[in-house]
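*Asks:* Pasting the sequence and the predicted model now:
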Amino acid sequence: MLEEEKGISAEYLYEKIAGAIIVAAKHDFNGKDIVHCDIDPEKEKIKVYVRKNVVETVEDSDTDMTLEQAQQIRKSAKIGKTIDIPIKTKDLGRIVAQTAKHVIRQGIREAERGMQLAEFQSKNQELVTAKVTRVDPITGNATVEIGKTIAVLPKTEQVPGETLVEGNSIKIFVVDVKDGTKGPKIMISRTHPGLVRRLFETEVPEIFDGTIEIKSVAREAGSRTKIAVYSKEDDVDAVGACIGPRGQRVSNIVDALGGEKIDIVDYSEDSSEFIAAALAPSDVCGIEILDETAKSCRATVPDSQLSLAIGNRGQNVRLAARLTGWKIDIKPESGFYEGSVESNNEK
């Protein structure tokens with residue numbers, strides 16, 4: 001019944017039941033490790049017995065017995081051998097039964113916890129669908145259901161400006177799974193770049209089958225994401241495949257992210273080409289590598305596109321820096337501008 005109800009294997013339960021009986025029965029022998037329990041599921045029998053040493057002189061009555069005592073149980077008993085003495089389970093007593101019951105329950109809880117942890121770990125770093133069951137009006141934290149699992153989506157891991165509605169289904173990313181003192185803990189997010197990565201894997205078959213590779217993702221949740229993709233086959237357009245026919249693939253992802261803008265760029269082993277692509281949607285006249293070791297460069301853009309290259313509050317160049325791993329200084333083509341606009345590659 002427990003096997004069907006909780007999904008715990010019968011073999012595991014037999015092991016726990018036998019262990020529980022042994023632990024409980026050992027109390028009658030001052031805790032000595034001489035009690036054994038064999039369970040035969042087919043015959044539906046439980047055999048409990050004490051294994052003692054047959055000796056000339058008894059030093060410990062819990063573990064030893066004389067040859068005369070042993071031969072009363074088994075005539076073939078010999079000194080230096082052991083003898084198994086059956087214990088009738090009905091003679092174990094109420095306290096032993098209660099102890100066994102407690103150990104069995106504990107074993108079941110451990111099994112459930114282990115199964116829950118295994119289930120969580122199978123979802124680690126994956127995209128899952130969750131149902132919003134409650135949104136705390138004070139903290140803003142959302143309680144969600146992932147299958148049979150309850151998890152909390154903190155306000156800090158929710159997309160800024162997004163309103164979660166109880167009863168609605170949302171896509172979340174499982175950031176990490178930890179085995180805590182109170183059971184497995186699952187850490188989930190709607191802002192993690194991994195969410196975008198997994199959404200593209202779901203929507204773009206070429207990414208799922210490995211034809212196209214996602215090289216890097218830079219994200220400011222709720223506002224804009226840049227993603228760099230690379231095709232392993234010359235005849236496959238990586239950016240085009242991610243956009244999809246009439247933009248349907250990327251549109252589905254944008255909808256799942258609540259309208260977040262997405263720039264899809266071609267990855268290149270050539271740093272200058274990659275940096276120029278990362279600064280989309282602005283055009284780039286040229287890239288000057290300032291320090292290869294420090295990964296510092298200067299990008300020259302048309303005067304008319306200076307604001308576009310920098311982006312609102314520096315967002316475009318900031319995301320480009322995170323995507324490429326380079327510090328990028330933006331310079332207008334004319335050379336006339338007040339100061340310089342420099343990004344940083346903070347993660």
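*Replies:* Received the coordinates, thanks. Numbering: from 1, shown residues only.
*Asks:* When you work out contacts or count neighbours from here on, use the C-alpha atoms and nothing else.
*Replies:* OK.
*Asks:* Now for Tyr149, how many residues are close by?
*Replies:* Not Tyr; residue 149 is Thr. Per other C-alpha atoms under 10 Å, the neighbour tally for Thr149 reads 12.
*Asks:* Test of understanding: give the bridge partners of it.
*Replies:* For Thr149, the beta-bridge partners are Ile146 (DSSP bridges).
*Asks:* gap between it and Gln116?
*Replies:* To Gln116, Thr149 is 8 Å away according to C-alpha to C-alpha, to the nearest Å.
*Asks:* so what's the residue positioned nearest the centre of the chain closest to, chain neighbours aside?
*Replies:* The centroid of the chain falls nearest to Asn124 when counting by C-alpha atoms, centre = their mean (2.2 Å). Take Asn124 and drop its neighbours on the chain: the residue closest to it by C-alpha to C-alpha, 6 or more residues apart in numbering is Val174, 5.3 Å away.
*Asks:* does the one you found have beta-bridge partners, and which?
*Replies:* Residues in beta-bridge contact with Val174 (DSSP bridges): Ile188.
*Asks:* how many neighbours does Ile41 have?
*Replies:* Ile isn't right for residue 41; it's Pro. When neighbours are counted by other C-alpha under 10 Å, Pro41 registers 11.
*Asks:* do Gly7 as well
*Replies:* Neighbourhood size, Gly7 [other C-alpha under 10 Å]: 12.
*Asks:* Ok, Val229 next?
*Replies:* Neighbour tally, Val229, other C-alpha under 10 Å: 23.
*Asks:* Pretty sure it sits against Gly210.
*Replies:* No: with contact defined as C-alpha atoms under 8 Å, Val229 does not reach Gly210; the gap is 11.4 Å.
*Asks:* Run through the residues that contact the residue nearest to the centre of the chain.
*Replies:* When contacts are counted by C-alpha atoms under 8 Å, 6 or more residues apart in numbering, Asn124 touches 174-177.
*Asks:* between those residues, which is closest to Glu220?
*Replies:* Nearest to Glu220 out of the contacts of Asn124 is Val175 (C-alpha to C-alpha; 16.6 Å).
*Asks:* Tell me the confidence at that closest one?
*Replies:* On the pLDDT scale, Val175 is placed at 92.
*Asks:* Same check on Gly339?
*Replies:* On the pLDDT scale, Gly339 gets 41.
*Asks:* Next: Ser343.
*Replies:* 49.
*Asks:* Please report the distance of the residue lying farthest from the centre of the chain from Ile188.
*Replies:* Distance from the C-alpha centroid of the chain peaks at Glu68, with 62.1 Å (C-alpha atoms, centre = their mean). Remark: distance between Glu68 and Ile188 (C-alpha to C-alpha) = 68 Å.
*Asks:* Once you drop chain neighbours, what's closest to Leu2?
*Replies:* Nearest to Leu2 is Ile8, by C-alpha to C-alpha, 6+ apart, at 6.9 Å.
*Asks:* thinking again about what came up before, what residues does the host helix or strand of the residue farthest from the centre of the chain touch?
*Replies:* Using DSSP states H and E, Glu68 maps to helix 67-73. Where contact means C-alpha under 8 Å, 6+ apart, the residues beyond helix 67-73 that reach it are 54-56, 77-79, 83, 85.
*Asks:* in the lengthiest helix in the chain, what's buried?
*Replies:* Counting by DSSP state H, the longest helix found in the chain is helix 94-123. Applying a neighbour-count criterion of 16 or more other C-alpha atoms under 10 Å, one finds 96-97, 99-101, 103-105, 107-108, 111-113, 115-117, 120-121, 123 buried in helix 94-123.
*Asks:* With stretch 152-165 instead?
*Replies:* For stretch 152-165, a neighbour-count test (16+ other C-alpha under 10 Å) marks 152-155, 157-159, 164 as buried.
*Asks:* Can you find the helix or strand in the chain with the smallest mean pLDDT?
*Replies:* Every helix and strand of the chain was ranked by mean pLDDT, DSSP states H and E. The lowest is strand 341-342, at a mean of 45.
*Asks:* so Ile287 sits right up against Ala276, yeah?
*Replies:* Yes: assessed by C-alpha under 8 Å, Ile287 is found in contact with Ala276 at 7.0 Å.
*Asks:* thinking again about what came up before, selecting buried members of the contacts of helix 67-73 in ChimeraX, what would you type?
*Replies:* Applying 16+ other C-alpha under 10 Å to the contacts of helix 67-73, the buried members can be selected in ChimeraX as follows:
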select :54,55,77,78,83,85
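*Asks:* CSV please, covering the contacts of helix 67-73 and showing pLDDT and secondary structure.
*Replies:* As requested, the contacts of helix 67-73 are arranged in CSV below (pLDDT from 0 to 100; DSSP: H, G, I helix; E, B strand; the rest coil):
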residue, pLDDT, secondary structure
Val54, 89, strand
Val55, 89, strand
Glu56, 88, coil
Ala77, 87, coil
Lys78, 89, coil
Ile79, 89, coil
Ile83, 90, strand
Ile85, 87, strand
